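Asks: Quick one, structure for this:
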Amino acid sequence: MLRGKPRRQARDTADRRTPAADPLDPAQEARVRAVLSLGGVPYGELQDGVQQVRLRLLERAAKGEQAPRNVSAWAAVVASNWAVDWHRARHRQERLGERLAALRPERPEDDGAESRVLSLAVAQGLDELPDGQRQVVVLRFYADLPVRDIAAELGIPEGTVKSRLHTAVRMLRTRLQKEEVV
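Replies: Modelled structure (predicted):
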């Protein structure tokens with residue numbers, strides 16, 4: 001009798017920790033993977049999508065929000081939204097690559113050295129920017145965050161983000177032209 005009570009308490013404690021460790025049960029995770037896969041997310045990216053759904057559930061709990069009535073359905077909707085966002089980000093990257101390729105004159109003798117020089121010049125230009133400008137450039141163009149998200153994360157108005165971006169890009173463009181990199 002005495003031995004049964006501590007085991008029950010230990011089991012109850014373990015049960016309370018389990019949801020915090022993994023808010024998705026195996027069936028819910030399988031459903032999330034299926035939604036992501038059917039949403040066109042490549043196999044290699046599925047785990048990132050599942051982790052984002054887990055993160056959203058954990059964030060809700062951390063904020064003290066109630067768990068969704070139907071966690072499986074909620075997780076499927078979040079997974080579907082993540083798949084849409086994934087496609088948008090990929091499309092943005094493709095468009096950016098196309099625009100950059102259109103700006104660069106075609107040279108058959110280009111062996112990649114030119115792009116290395118450009119990358120080095122951009123990195124040096126970023127180092128010379130003031131911290132606030134460098135931060136918004138990195139968040140916008142390297143982390144691919146929209147202006148509104150950058151403003152929210154940094155706690156500054158969207159107009160300030162836009163102004164810093166404009167000034168930083170103008171300074172980088174001037175520097176690259178002056179050094180005849182572009």
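Asks: list the contacts for P157?
Replies: Residues in contact with P157, defined by C-beta atoms under 8 Å, 6 or more residues apart in numbering, are A151. All C-beta spots, glycine's among them, are computed from the backbone N, C-alpha and C.
Asks: Which parts of the longest helix anywhere in the chain count as buried, going by neighbours?
Replies: Determined from DSSP state H, the single longest helix within the chain is helix 71-103. Buried residues in helix 71-103, counted by 16 or more other C-beta atoms under 10 Å: V71, W74, A75, A76, V78, A79, S80, W82, A83, W86.
Asks: Okay, now the unreliable bits of this protein?
Replies: Per-residue confidence of the chain (counting by pLDDT under 70) places the weak regions at 1-21, 100, 103-113, 181-182.
Asks: Now the residue nearest to the spatial centre of it. Its backbone dihedrals?
Replies: By C-alpha atoms, centre = their mean, the mean C-alpha position of the chain lies nearest to A143, the distance being 6.7 Å. Phi and psi for A143, reported as degrees, to the nearest 10, are phi -90, psi -10.
Asks: For T174, see how far away it is.
Replies: The gap separating A143 from T174 is 24 Å, by C-beta to C-beta, to the nearest Å.
Asks: Quick one: list the elements packing against the helix or strand containing G132.
Replies: G132 belongs to helix 131-137 when elements are defined using DSSP states H and E. For helix 131-137, the packing partners by 3 or more C-beta pairs under 8 Å, 6 or more residues apart in numbering; DSSP states H and E come out as helix 113-128, helix 147-154, helix 158-178.
Asks: how about the shortest one: buried residues?
Replies: This means helix 147-154. Buried residues in helix 147-154, counting neighbours by 16+ other C-beta under 10 Å, are found at V147, I150, A151.
Asks: next one: stretch 170-182
Replies: Taking 16+ other C-beta under 10 Å as the criterion, stretch 170-182 shows M171, L172, R175, L176, V181 as buried.
Asks: tell me which of the residues you listed is nearest to A27?
Replies: Using C-beta to C-beta, L172 is the member of those that sits closest to A27, with 49.7 Å.
Asks: And that closest one, how far from P146?
Replies: Using C-beta to C-beta, we find L172 at a distance of 20 Å from P146.
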